[in-house]
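Trainee: Sequence first, predicted coordinates after that:
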Amino acid sequence: MIDINKLAKSIVNKATEEKNPAAVALGRMGGLVGGKVRAEKLSAERRKEIAKAAAAKRWKK
């Protein structure tokens, strides 16, 4: 039988292992730029559609 506590601990340990600092920096750099670049590429009409869909999902509850 599987011990759930041991499994949970192994998952946490795997998720919190040391990461490659260069890879972390590169991912962060892309993440900081990504949203701004995407917003610039979208038309005002498309941004409005996305915002309406997001608001509808938020308030659907």
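Mentor: That came through, no problem. Numbering: from 1, shown residues only.
Trainee: by contact count, what packs against the helix or strand bottoming out on mean pLDDT in the chain?
Mentor: Least confident helix or strand of the chain, by mean pLDDT, DSSP states H and E, is helix 21-41 with a mean of 84. Helices and strands touching helix 21-41, by 3 or more C-beta pairs under 8 Å, 6 or more residues apart in numbering; DSSP states H and E: there are none. Every residue, glycine included, has its C-beta placed from N, CA and C.
Trainee: if we go to 10 Å?
Mentor: helix 44-60 (3 or more C-beta pairs under 10 Å, 6 or more residues apart in numbering; DSSP states H and E).
Trainee: List the residues that contact the most centrally placed residue in the chain.
Mentor: Per C-alpha atoms, centre = their mean, the C-alpha nearest to the average position across the chain is that of G31, at 9.0 Å. Listed by C-beta atoms under 10 Å, 6 or more residues apart in numbering, the contact set of G31 is empty.
Trainee: relative to helix 44-60, how tilted is the least confident helix or strand of the chain?
Mentor: Angle of helix 21-41 versus helix 44-60, following axes from the mean of the first three to the mean of the last three C-alpha atoms, to 10 degrees, is 110 degrees.
Trainee: Tell me the buried residues in helix 21-41?
Mentor: By neighbour count with 16 or more other C-beta atoms under 10 Å, helix 21-41 contains no buried residues.
Trainee: which SSE is V12 in?
Mentor: V12 is part of helix 4-15, with elements assigned from DSSP states H and E.
Trainee: average pLDDT for that helix?
Mentor: The pLDDT scores in helix 4-15 average 90.
Trainee: now that helix, how far from the centre of its chain.
Mentor: 22 Å (C-alpha atoms, centre = their mean, to the nearest Å).
Trainee: Kindly report the same for stretch 40-48.
Mentor: On C-alpha atoms, centre = their mean, the centre of stretch 40-48 falls 21 Å from that of its chain.
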